[in-house]
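**Q** here is a sequence together with a model predicted from it:
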Amino acid sequence: MFTEELNLQLYNKMCDEFDLFKEELINSSPQEVLDQAYEYIIKNDIVLLLECTDLTATRADALLKSDHPLDDVYAAWIDWESNHMDEIRDILNSVADELIRDAKHQKERKSKDGDR
């Protein structure tokens, strides 16, 4: 039960931190909102993940000791994120290949239908 309580406390702390960030964005100019859109999405994802992830008591406690655990995790994400563009490139190629296959199959079906 102790681990669950720590995880819940951490989740609530990160939610509060995210809500403050969101409120700051709401009161910002449209350009500032655009400039921080990526940060908003990633921080939201971090909070969502924490909602369904159970950290060990030691990890949850370590994050709880931080004044701004959400900012800390986001900063680590920014430093860690190295293959983001590679993943997008892979998806781009995959979608294009799928569309090429679909077009080829449609052309083959039309060709077969025309032969009848």
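**A** It's in. Quantities reported herein were computed from a predicted structural model and do not represent experimental measurements. Numbers count the residues shown, from 1 in each chain.
**Q** from here on, contacts and neighbour counts on C-alpha atoms
**A** OK.
**Q** list the helices and strands the helix or strand harbouring L8 packs on?
**A** L8 belongs to helix 2-26 when assigned by DSSP states H and E. Counting by 3 or more C-alpha pairs under 8 Å, 6 or more residues apart in numbering; DSSP states H and E, the packing neighbours recorded for helix 2-26 are helix 30-35, helix 37-51, helix 57-64, helix 69-80.
**Q** could you rerun that using 6 Å?
**A** With contacts taken as 3 or more C-alpha pairs under 6 Å, 6 or more residues apart in numbering; DSSP states H and E, helix 2-26 sits against helix 57-64.
**Q** could you check the angle the helix it packs on makes with helix 2-26?
**A** 30 degrees (axes from the mean of the first three to the mean of the last three C-alpha atoms, to 10 degrees).
**Q** quick one: mean pLDDT for the helix holding L8?
**A** On average, the pLDDT along helix 2-26 is 97.
**Q** check which residues of that helix are buried.
**A** Going by neighbour count (16 or more other C-alpha atoms under 10 Å), the buried part of helix 2-26 is 3, 6-8, 10-11, 13-15, 17-18, 22, 25.
**Q** distance to T58 for those - can I get that in TSV?
**A** Output for these, formatted as TSV (distance: C-alpha to C-alpha, whole Å):
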residue	distance to T58
T3	8
L6	9
N7	10
L8	14
L10	12
Y11	15
K13	16
M14	17
C15	20
E17	21
F18	23
K22	29
L25	32
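**Q** and those residues, which two are the farthest apart?
**A** Spanning the widest gap among those are T3 and L25, at 32.7 Å by C-alpha to C-alpha.
**Q** ok, the closest residue to H68 other than its chain neighbours to L64 distance?
**A** Nearest residue to H68, sequence neighbours excluded (C-alpha to C-alpha, 6 or more residues apart in numbering): E17, at 7.1 Å. Counting by C-alpha to C-alpha, to the nearest Å, the separation of E17 from L64 is 12 Å.
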